[in-house]
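[1] Here you go, sequence then predicted model.
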Amino acid sequence: MPLPSKTWKTRPTYFVLLELLTKKGDMSETDLFNALQGEFEDLGYKDFNQLLLNLEVAGKIRTTSLARGKKRIGLVQ
């Protein structure tokens, strides 16, 4: 009986997030979440927010509030 072929990702989530922002520039929070979820199907919104918080505290990204409940995420130069 073959084992399930679920493999580990070779690139961490934070690296893919930073790569997306480098290629596409500033993105809205929902667009960024949808792009990440395309590569990491098991990524939840809570994990995504924790990832954003960690990267912002580390000084890698900046989040700005747009309208009510909407954020724009960009790289720190």
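    Received the coordinates, thanks. Only a predicted model underlies this, so the values are computations on that prediction, with no experimental measurement involved.

[2] Run a quick check on L55 versus F15, I expect a contact.
    No - at 10.5 Å, L55 and F15 do not qualify as touching, with contact defined as CB atoms under 8 Å. In short, each C-beta sits where N, CA and C put it, glycine included.

[3] Please identify which of these two sits among more neighbours.
    When neighbours are counted by other CB atoms under 10 Å, L55 and F15 differ, and L55 comes out ahead with 20 against 11.

[4] Quick one: residues contacting the closest residue to that one other than its chain neighbours.
    Once flanking residues are discounted, L55 sits nearest to I61: 4.6 Å by CB to CB, 6 or more residues apart in numbering. Each residue near I61 by CB atoms under 8 Å, 6 or more residues apart in numbering is listed here: L17, L18, L21, L52, L55, I73, G74, L75, V76.

[5] What strand or helix carries F48?
    Following DSSP states H and E, the helix or strand that holds F48 is helix 45-57.

[6] in that helix, what counts as buried?
    Buried positions in helix 45-57, judged by neighbour count with 16 or more other CB atoms under 10 Å: F48, L51, L52, L55.

[7] List the contacts of it.
    With CB under 8 Å, 6+ apart as the criterion, helix 45-57 contacts T13, Y14, L17, L18, E29, F33, L36, I61, R62, T63, I73.

[8] Now rank the residues you listed by neighbours and give me the top one.
    Of all the contacts of helix 45-57, the highest neighbour tally under other CB under 10 Å goes to L17, namely 25 neighbours.

[9] Quickly check the contacts of helix 45-57 for the two that are furthest apart.
    Distances among these were taken as CB to CB; the most separated pair is T13 and R62, at 18.5 Å.

[10] show me the residues around the closest residue to E39 other than its chain neighbours that make contact.
    With CB to CB, 6+ apart as the measure, V16 is the residue that lies nearest to E39, at 5.9 Å, once sequence neighbours are left out. By CB under 8 Å, 6+ apart, the contact set of V16 is L36, E39, F40.
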